[in-house]
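> can you look at this prediction? I've put the sequence above it.
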Amino acid sequence: MGVSHTVPDKTPRTERGRKTLRKLLDAAAAEFADHGFHEASISTITRRAGVALGTFYTYFDSKDAIFRALVTDMSDSVGHAARQAIAPGMDALKVERAALQAFLTFAAEHKELYRIIDEAEFVDPESYRAHYERIARRIAERLKEGGEAGQLRGELGEIEAWALMGMNVFLGLRFAIWATDGDPDAEEISGRANLFLERGLT
């Protein structure tokens with residue numbers, strides 16, 4: 001899933017260790033996406049990763065532990081994609097457009113994101129809630145910065161952040177996960193959503 005900011009149960013200290021951790025997380029993402037948490041096993045994850053079974057326990061204590069780490073890793077990767085898309089000097093609305101476009105592109109390239117995050121609601125409710133709370137905080141911070149810069153209303157906060165996140169999540173579901181031929185691309189979708197934010201419904 002690219003750059004990882006995950007802090008797993010046992011953090012590697014070498015480049016080789018970080019690469020092995022990356023292999024395990026990527027393999028876990030594929031395995032959980034294909035078979036779900038309950039059908040997946042540590043042995044199938046290590047086979048996908050091309051590492052010995054014993055190596056798994058250098059990094060994680062259990063299947064639950066790697067699942068939790070994977071949810072955090074995915075959450076961090078979504079945030080990283082958004083940050084990479086935001087250029088210095090962008091006004092507040094352009095920031096939200098860039099962040100949404102980056103998210104749609106990321107979700108289209110990592111369709112396992114939705115299945116794994118959705119399953120976390122039942123497998124590990126704490127990490128499920130933390131995932132959305134992290135995203136909402138990031139959006140709320142951006143809205144606050146926009147308000148302080150005089151580009152957005154100054155009273156925007158948690159309610160608007162969760163509303164905006166909800167819109168983004170369902171746009172991703174429809175146009176990244178359930179994409180069909182003839183759908184608008186991520187640039188057009190983010191532009192239309194941005195217009196919705198700017199003008200509202202009236």
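Thanks, I have it. Residues are numbered from 1 along each chain as shown.
> distance of D118 from L197?
26 Å (Cβ to Cβ, to the nearest Å). Quick note: C-beta positions are derived from backbone N, CA and C, even for glycine.
> looking at these two, which has the bigger crowd around it?
L197 (16 against 12; other Cβ atoms under 10 Å).
> the more buried one is in contact with A163, isn't it?
No: with contacts counted by Cβ atoms under 8 Å, L197 stays clear of A163, the gap being 10.0 Å.
> where does the residue nearest to T20 when sequence neighbours are not counted land on pLDDT?
The shortest distance from T20 to any non-neighbouring residue, by Cβ to Cβ, 6 or more residues apart in numbering, is to V51 (6.1 Å). At V51, the model reports a pLDDT of 96.
> tell me the contacts of V51?
T20, K23, L24 (Cβ atoms under 8 Å, 6 or more residues apart in numbering).
> so how far is A49 from the first one?
Distance, T20 to A49, by Cβ to Cβ: 8 Å.
> can you list the domains in this protein?
15-65, 70-199 (automatic domain parsing).
> ok, now which ones touch A102?
Contacts of A102 by Cβ under 8 Å, 6+ apart are A81, A82, Q84, A85.
> repeat the analysis, applying 6 Å as the threshold.
A81, A82, A85 (Cβ atoms under 6 Å, 6 or more residues apart in numbering).
> in which helix or strand would I find the residue nearest to the second one when sequence neighbours are not counted?
In other words, A82. What sits nearest to A82 in space, not counting adjacent residues and going by Cβ to Cβ, 6+ apart, is A99, at 4.1 Å. Taking DSSP states H and E as the definition, one finds A99 inside helix 92-109.
> now that helix: buried residues?
For helix 92-109, burial by neighbour count (16 or more other Cβ atoms under 10 Å) applies to 92, 95-108.
> how about stretch 62-74?
Result for stretch 62-74 [16+ other Cβ under 10 Å]: buried residues K63, A65, I66, F67, R68, A69, L70, V71, T72, D73, M74.
> same question for stretch 138-156.
Those would be R138, I139, A140, R142, L143, K144, G146, G147, L152, L156, for stretch 138-156 by 16+ other Cβ under 10 Å.
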